[in-house]
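Enquirer: Sequence and predicted model, in that order:
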Amino acid sequence: MKVNLAYGSGHLPIEVPDDRTTVIEPAHIDGLADEKAAVLGALQNPIGSQALLERISADTKICIAFTDITRATPNDRIIPWLLEHLGGRGDNITLLNQLGTHRPNTREELETLLTPEVVANYRVLNHEPENPDALVQVGTTADGTPALLNRHIVEADLRIVTGFIEPHFFAGFSGGVKGIMPGCAGLETVMSNHGAKNIGDPRATFGITDGNPLWEELRDIALKTGPSFVLNVTLNEQRDITNVFAGDILEAHRAGCAFVKRSAMQPVEQPFDIVVTTNSGYPLDLNLYQGVKGMSAGARVLKEGGTLILAAECREGVPGGSPLDELLRNAGSTEEILAKLSMPGFVRPEQWQAQIQSLVQRKAEVLVHSLLDEKTVAACHLKSCPDISAEVARRLNAEGPETRLAVLPQGPLTIPYLA
């Protein structure tokens with residue numbers, strides 16, 4: 001049978017045998033008939049909070065935190081609608097790009113994200129995680145590291161945090177407090193929270209927030225800014241908005257997570273010998289750093305010693321020269337990476353992605369179909385897979401008739417689990 005994998009801005013078709021393949025996808029939810037009306041309705045009738053317009057006056061200083069180019073949030077729709085709802089107020093509004101530790105977005109990218117009109121008429125800033133002048137300390141992390149957040153988010157009279165909710169491989173779900181921490185946090189704060197201990201905790205995984213020590217610290221630091229208003233949406237595979245959750249940053253997000261969980265959680269009876277997965281297509285498969293999420297999703301239902309094949313376009317590379325790229329290239333193996341991370345005092349930016357990739361590779365052989373050249377893939381301790389259909393057929397034939405294959409066309413938009 002033919003299966004279309006989410007890949008780049010389109011799809012990658014593969015052929016797999018009907019009788020040995022299980023396709024695992026989130027339950028389909030139709031897009032809303034009137035997205036704008038749904039967003040405005042949610043703003044007027046928020047969860048656990050006053051209506052937005054009841055919280056502002058003529059001189060209220062507002063900071064709107066929005067997701068960056070690596071996220072699928074329909075910013076170009078929800079941000080103009082939000083600004084329209086706020087009635088302009090351009091002089092009192094700062095739009096802050098919640099980059100976390102990602103690279104700054106260019107003006108062209110910001111115009112794509114927000115529309116040229118918004119960029120031309122409002123103050124739009126990239127978060128600066130390594131600029132001490134842009135950060136304010138609000139407390140400390142569990143290990144005593146300063147908890148630093150962007151000055152604009154801390155000093156605003158009203159924080160509006162936008163984003164979309166999907167399963168997240170170590171924070172449980174995206175959206176909610178993640179828009180503040182790590183989205184608007186200092187580098188050292190993120191590195192502390194994303195350290196080896198938290199990342200290695202079995203509760204730091206898809207679908208778990210309460211009881212997840214990593215997420216709970218994100219929550220505690222984000223709440224030190226005071227109450228925040230969230231505007232989160234959920235999306236289907238066509239990137240249509242399927243629901244809107246606005247209001248208190250915890251209560252509204254909790255409702256959104258419950259909604260996503262019902263469609264994304266998909267049970268399977270037993271693990272598979274081979275899993276083909278994706279990173280949900282563009283922009284989520286922009287680079288290999290993001291692609292680790294897809295590996296993690298597929299590994300949940302993979303047998304020990306199995307084969308995982310990731311289809312992720314990676315049009316921006318690893319990216320080259322990034323901390324992840326350097327960490328992978330400077331290690332002789334993924335086991336060496338895990339050994340380094342267990343050493344007291346060893347801390348590197350983006351080590352969390354290397355740790356999760358290494359743990360997946362401890363369990364399975366990992367192949368990647370992407371735009372990355374073979375040399376780069378090898379330097380990342382992975383194997384290239386030019387033709388997924390041929391590779392799957394070869395392995396199924398070699399391993400015998402009992403070998404079973406799972407395909408996750410939407411990657412980490414699905415949370416497969418062993419029932």
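Expert: Cool, got the structure.
Enquirer: ok now do residue 418, which residues does it touch?
Expert: Contact analysis of residue 418 by Cβ atoms under 8 Å, 6 or more residues apart in numbering lists 267, 268, 269, 270, 271, 300, 301. C-betas here are computed from N, CA, C, even on glycine.
Enquirer: pretty sure residue 222 is in a helix, no?
Expert: Yes: counting by DSSP: H, G, I helix; E, B strand; the rest coil, residue 222 falls inside a helix.
Enquirer: Was I right to think it contacts residue 183?
Expert: No: using Cβ atoms under 8 Å, residue 222 makes no contact with residue 183, being 9.0 Å away.
Enquirer: Which of those two has more residues huddled nearby?
Expert: residue 183 (31 against 28; other Cβ atoms under 10 Å).
Enquirer: Strands along the stretch 251-400 of the chain, start to end?
Expert: 265-268, 272-278, 302-311, 364-369, 383-384 (DSSP state E, counting those that start in this stretch).
Enquirer: hang on, residue 56 packs against residue 160?
Expert: No: applying Cβ under 8 Å as the test, residue 56 and residue 160 come out as separate, 10.0 Å apart.
Enquirer: how close does residue 291 get to residue 14?
Expert: From residue 291 across to residue 14, the span is 17 Å (Cβ to Cβ, to the nearest Å).
Enquirer: Those two: who's more crowded?
Expert: Taking other Cβ under 10 Å, residue 291 and residue 14 do not tie; residue 291 has more neighbours (30 against 23).
Enquirer: Check the more buried one and give its pLDDT.
Expert: Note for residue 291: predicted pLDDT of 97.
Enquirer: Excluding chain neighbours, what is closest to it?
Expert: residue 312 (3.8 Å; Cβ to Cβ, 6 or more residues apart in numbering).
Enquirer: Pull the contacting residues for that neighbour.
Expert: Residues near residue 312 by Cβ under 8 Å, 6+ apart: 7, 278, 279, 285, 288, 290, 291, 294, 368, 369, 370.
Enquirer: Reformat the residues you listed as TSV; add distance to residue 52.
Expert: Listed next are the contacts of residue 312 as TSV, based on distance: Cβ to Cβ, whole Å:
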residue	distance to residue 52
7	38
278	36
279	33
285	34
288	39
290	31
291	36
294	35
368	43
369	44
370	42
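Enquirer: Filter those down to the ones in helices?
Expert: Those of these mapping onto helices are 288, 290, 291, 294, per DSSP state H.
Enquirer: out of those, which are buried?
Expert: Among the ones in helices among the contacts of residue 312, those buried by neighbour count (16 or more other Cβ atoms under 10 Å) are 288, 290, 291, 294.
Enquirer: Closest one of those to residue 262?
Expert: residue 294 (21.7 Å; Cβ to Cβ).
Enquirer: quick one: contacts for that closest one?
Expert: For residue 294, the contacting residues are 277, 278, 279, 280, 285, 310, 311, 312, 408, 411, 412, by Cβ under 8 Å, 6+ apart.
Enquirer: Pipe the residues you listed into a markdown table and attach distance to residue 129 per row.
Expert: A markdown table is the format used below for the contacts of residue 294 (distance: Cβ to Cβ, whole Å):
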| residue | distance to residue 129 |
| --- | --- |
| 277 | 29 |
| 278 | 28 |
| 279 | 23 |
| 280 | 25 |
| 285 | 23 |
| 310 | 27 |
| 311 | 30 |
| 312 | 24 |
| 408 | 31 |
| 411 | 26 |
| 412 | 24 |
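Enquirer: Now a PyMOL select for only the buried ones of those residues.
Expert: The buried residues among the contacts of residue 294 can be selected in PyMOL (16+ other Cβ under 10 Å) with this line:
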select buried, resi 277+278+279+280+285+310+311+312+408+411+412
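Enquirer: want to throw the contacts of residue 294 into CSV with distance to residue 386 and pLDDT?
Expert: Formatted as CSV, the contacts of residue 294 follow (distance: Cβ to Cβ, whole Å; pLDDT from 0 to 100):
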residue, distance to residue 386, pLDDT
277, 17, 99
278, 16, 98
279, 18, 97
280, 22, 95
285, 17, 97
310, 13, 99
311, 11, 99
312, 14, 98
408, 20, 98
411, 20, 96
412, 23, 93
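Enquirer: quick one: secondary structure of residue 154?
Expert: helix.
Enquirer: do you know how far it is from residue 59?
Expert: For residue 154, the distance to residue 59 equals 18 Å [Cβ to Cβ].
Enquirer: So which of those two has more stuff around it?
Expert: residue 154 (19 against 9).
Enquirer: The closest residue to the more buried one other than its chain neighbours: what's it in contact with?
Expert: Excluding its sequence neighbours, the residue lying closest to residue 154 (Cβ to Cβ, 6+ apart) is residue 136, at 4.5 Å. Counting by Cβ under 8 Å, 6+ apart, residue 136 makes contact with 148, 149, 150, 151, 154, 155.
Enquirer: I'd say residue 348 and residue 327 touch.
Expert: Yes: here residue 348 lies in contact with residue 327, judged by Cβ under 8 Å, at a distance of 5.6 Å.
Enquirer: what is in contact with these two at once?
Expert: Counting by Cβ under 8 Å, 6+ apart, the contacts common to residue 348 and residue 327 are residue 354.
Enquirer: got TSV for the strands of the stretch 251-400 of the chain, with distance to residue 29 too?
Expert: Formatted as TSV, the strands of the stretch 251-400 of the chain follow (distance: least, Cβ to Cβ, whole Å):
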stretch	distance to residue 29
strand 265-268	14
strand 272-278	19
strand 302-311	23
strand 364-369	28
strand 383-384	35
